[in-house]
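Visitor: Turn this into a model:
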Amino acid sequence: MKQLLKRRTQQLFDLLAGRVAQQLADPLSKADRVAQIQLVLQYQALLQNQAPLPSFADVEFSATSQNGEDGILLFLFTVIGTTNKRVVEICAGDGIECNAANLILNHGWEGLLFDGKETAVKRGQTFYQQRTNAWRLRRLPPKLVHAWIEPATINDLVAQHGMTGSIDLLSLDMDGVDYWVWQALEVV
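Guide: Have a look, this model is predicted:
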């Protein structure tokens, strides 16, 4: 049984690696979504059978992230579980290539995404409005907000856009003041 699980896991990793290598333009392709669901089921089977889990290097892939975060996040949330599938990402760019996008597009997460570049936010808003199947389980597309984030304003901005209480993921990449914003954030 363990050999079969190991072989199937490797086949799924190889399948996803091939898809990523091809740089598929559509993160919503049905084949990619199915492959990710198969990965989740494979991880759950490994957990259930108390089999050794793969390393982060073995699970990373990029569907919408820059550096393999999509695979690592999918693996982590399969292993540790989720509470409400809510994500806040600060400095998400257009929200199409970021840490939250795969979770929103392929796994039904609710998202609040901030960026300081207005053109990027507008591009992301247009993208998500056109992909109703990506958020149909949540009834609303993710919120993309144009805002300049500072420690003094972070709580008001997050609360103003309806994201308070528990979240499963905070992605924060501001290149310099990350710690101070994270330290100030109290509403989630």
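
Visitor: drop to CA atoms for contacts and neighbour counts, all remaining ones
Guide: OK.

Visitor: wait, is residue 113 part of a strand?
Guide: Yes - counting by DSSP: H, G, I helix; E, B strand; the rest coil, residue 113 is part of a strand.

Visitor: Quick check: it touching residue 89?
Guide: Yes - between residue 113 and residue 89 there is a contact at 4.8 Å, judged by C-alpha atoms under 8 Å.

Visitor: Between the two, point out the one with more neighbours.
Guide: residue 113 (27 against 22; other C-alpha atoms under 10 Å).

Visitor: any idea how far residue 151 is from that one?
Guide: 16 Å (C-alpha to C-alpha, to the nearest Å).

Visitor: for the closest residue to residue 67 other than its chain neighbours, phi and psi?
Guide: Nearest non-adjacent residue to residue 67, counting by C-alpha to C-alpha, 6 or more residues apart in numbering: residue 61, 7.5 Å away. Dihedral angles of residue 61 (phi, psi; degrees, to the nearest 10) stand at phi -160, psi 160.

Visitor: Compute the number of surrounding residues for residue 61.
Guide: 24.

Visitor: per-residue pLDDT, it?
Guide: Residue 61 is assigned 92 on the pLDDT scale.

Visitor: likewise residue 30?
Guide: 70.

Visitor: likewise residue 134?
Guide: Note for residue 134: predicted pLDDT of 60.

Visitor: ok, now residue 115?
Guide: pLDDT, read off for residue 115, is 97.

Visitor: residues in contact with it?
Guide: 90-94, 121, 144-148 (C-alpha atoms under 8 Å, 6 or more residues apart in numbering).
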